[in-house]
Each structure stands twice: as C-alpha cells, then as structure tokens.
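Undergrad: Got a sequence here, can you build the structure:
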Amino acid sequence: MDTQPRGLTEQQWKWFASVKANLERETGKTLDAWVEIVRRECQETRPRARADWLKATYGVGQNRAAAIFSVAFPSEMGWDDADGLRAALWTDPASTAILEAVETAVADFQDLVMGQRKGFTAWSRKAQFAALKPVKGGAAMLGLAVAPDDAPGPLEPRNEGWSERLKTKLPLASPAEVDDAVKALLKAAWERS
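TA: Got it, this is the predicted structure:
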C-alpha cells in the first residue's frame, strides 16, 4: 500500500501516482512486470547506473524508472527517508550552515513544503520554487524559480538537473550570503509558485 512520502506537494504526489498508474498504458508492461525484469536482468547496483541501464536497454525514462525501482528495491533509501537522504547529502558543516540559513529564510512562508532528494533539498508551495545542493569546498548552489531578468543580482542561467521550474542559480559561499537580497529572491520565487 502506498503512503504519501514527506516533502511532496499534493500536485507532486498526484503526478508521481499518475506515473505509476499509467506505466502499463505507456510502456506495455505492468509495474509488476517491470519489477520482475529489473530484479532478474539488471546487474547494476547504483541507482544512477540502474536508471541508465533501464533507459539504454528498454527506453524507460527517469521518472518511470524511479517508480519501478522504488518497488523493486524498497529497502534502498528513497524519498520517504528524508532524514537519511539529508544526512547522506549534507555532510560538510560549512555547506550545512548555508542550508540552515536558507531554511531560516523560508521558515515563515505559508504552505511551505520542504522535500529532501538524493542530490538536493527542495522547497515548494504548490510547485517547487527553490532548491539547494552542496558544492565542494563548503559552498552551496541555490536554484530559484525566477528568470534572470525578473530579479536583480548575480543570478546565472540554470543548467542543473533540478526542476524545470528553476530558471536561475546562485552560488553561495557562506551563510552570511543568505542576506536580505537572497531572501527577497526566495520570496519572489515562492510568490510565483
């Protein structure tokens, strides 16, 4: 029986449920059939390598692969283990301090949903408006759902593998950089979500 993982908005939860529900119609195989295939045939052990194998072998994309692997290998850390994902991702104290500064900056936003993913921490209201991932050397990269022209500051075009909604990114080297200007950008992105 599926339970709703923490850190997903209602819209995100419905979308992931639809991926599972439409798997047979879109691929010609049921979820159970895909689970049997990957358990029997896939020799890969790392999540990314498994997804790459499934795409190369059967043409199954990332989202469908995630739905299949969540059933095929349920004991592996997934979206429903937010604490484990966070601990595994945020290991550098300097990067973690930046994360905590961003968490403080968005703490009073209404209808805030914080979602922990394997490679980043995300914030949503109805849709994702920001994400943060650690960067080597104790820094972090903040992705925002604002266009470069919509907000002042040193925003760069996004080229990260996050949500398509995140249009820009901003490198952060310390928690002190999560200042009033960054808080205004977060607020602007939240208002659009």
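Undergrad: How is this protein partitioned into domains?
TA: As given by automatic domain parsing, the domain ranges for the chain are 10-72, 82-192.
Undergrad: Find the nearest non-adjacent residue to Val60, please.
TA: Of all residues beyond its chain neighbours, the one nearest Val60 is Leu54 (4.6 Å), with distances taken as Cβ to Cβ, 6 or more residues apart in numbering. In short, each C-beta sits where N, CA and C put it, glycine included.
Undergrad: Now do that neighbour against Thr104, distance only.
TA: With distances taken as Cβ to Cβ, to the nearest Å, Leu54 is found 39 Å from Thr104.
Undergrad: who has more neighbours, these two?
TA: Leu54 (24 against 12; other Cβ atoms under 10 Å).
Undergrad: That one and Gly61, how far apart?
TA: The spacing between Leu54 and Gly61, counted by Cβ to Cβ, is 9 Å.
Undergrad: Same question for Ala51.
TA: Going from Ala51 to Gly61 by Cβ to Cβ gives 9 Å.
Undergrad: What strand or helix carries Ala140?
TA: Element membership of Ala140, judged by DSSP states H and E, is strand 139-144.
Undergrad: Partner strands of the helix or strand following that strand and their direction?
TA: Counting by DSSP H and E, the next helix or strand C-terminal to strand 139-144 is strand 156-157. The pairing partners recorded for strand 156-157 under DSSP bridges are strand 168-172 (antiparallel).
Undergrad: now the partner strand, how far from the centre of its chain.
TA: With Cα atoms, centre = their mean, to the nearest Å as the basis, strand 168-172 stands 16 Å off its chain's centre.
Undergrad: what does stretch 19-31 give?
TA: How far stretch 19-31 lies from its chain's middle: 23 Å, per Cα atoms, centre = their mean.
Undergrad: Contacts for that stretch next, please.
TA: Here stretch 19-31 makes contact (Cβ atoms under 8 Å, 6 or more residues apart in numbering) with Asp2, Trp34, Ile37, Tyr58, Val60, Asn63, Arg64, Ala67, Ile68, Val71.
Undergrad: hmm, back to that, give me the helices and strands touching the strand holding Ala140, please.
TA: helix 93-106, strand 128-135, strand 168-172, helix 180-192 (3 or more Cβ pairs under 8 Å, 6 or more residues apart in numbering; DSSP states H and E).
Undergrad: Mean pLDDT added to the ones you listed, as TSV?
TA: Listed next are the helices and strands packed on strand 139-144 as TSV, based on pLDDT from 0 to 100:
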stretch	mean pLDDT
helix 93-106	97
strand 128-135	94
strand 168-172	91
helix 180-192	92
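Undergrad: Tell me which of these sits nearest to Gln43.
TA: Judged by Cβ to Cβ, the one of the helices and strands packed on strand 139-144 that comes nearest to Gln43 is strand 128-135, at 29.1 Å.
Undergrad: Would you mind listing the buried residues in that closest one?
TA: Gln128, Phe129, Ala130, Ala131, Leu132, Lys133, Pro134 (16 or more other Cβ atoms under 10 Å).
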